[in-house]
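> this one's sequence-less:
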């Protein structure tokens, strides 16, 4: 699906699909952060190596936790997902979360697939009666097992 072009895409036009459940989370997300993959490495040196230094050996890779933020719309779906996980309901694990970047004409140009996402943390919006003029934002942190690009 990745579509190359000479100028970079903007990061503001994207969609988040949290699975095919029609009762699942809805509404647009304001921000998605933390999508990354990191390969760990270990240093190794054999005792009979002619070199007096260690070499780097690739180890397992790990994926970062992904944070999704959206304006509070009165729906309790994000909290409901978190509540299900904390009660041991494995059905709240989302097999595939798809985050799709779009171009200016809303054509899909890039997609990230997050595998076996489970809610890790729910944060309610900060409330401030004295100086609060911002939109109430709630966030859900997802722990993922793998990340690929289409």
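It's in. All values derive from a computational prediction rather than experimental measurement. Residues are numbered from 1 along each chain as shown.

> how far away is the closest residue to residue 15 other than its chain neighbours from residue 118?
Taking C-beta to C-beta, 6 or more residues apart in numbering, and ignoring the residues beside it in sequence, residue 15 has residue 100 as its nearest neighbour in space, at 4.8 Å. Where you see a C-beta, it was placed from the backbone N, CA and C, and this is true even at glycine. Separation of residue 100 from residue 118 (C-beta to C-beta, to the nearest Å): 21 Å.

> for stretch 108-122, the distance to its chain's centre please.
Relative to the centre of its chain, stretch 108-122 is centred 4 Å away, using C-alpha atoms, centre = their mean, to the nearest Å.

> what pLDDT does residue 105 get?
We have a pLDDT of 93 for residue 105.

> helix, strand or coil for it?
Three-state call for residue 105 (DSSP: H, G, I helix; E, B strand; the rest coil): coil.

> Hmm, residue 70 and residue 28 touching each other?
Yes - contact criterion C-beta atoms under 8 Å: residue 28 and residue 70 qualify, at 6.6 Å.

> When those two are compared, which one has more neighbours?
residue 70 (22 against 10; other C-beta atoms under 10 Å).
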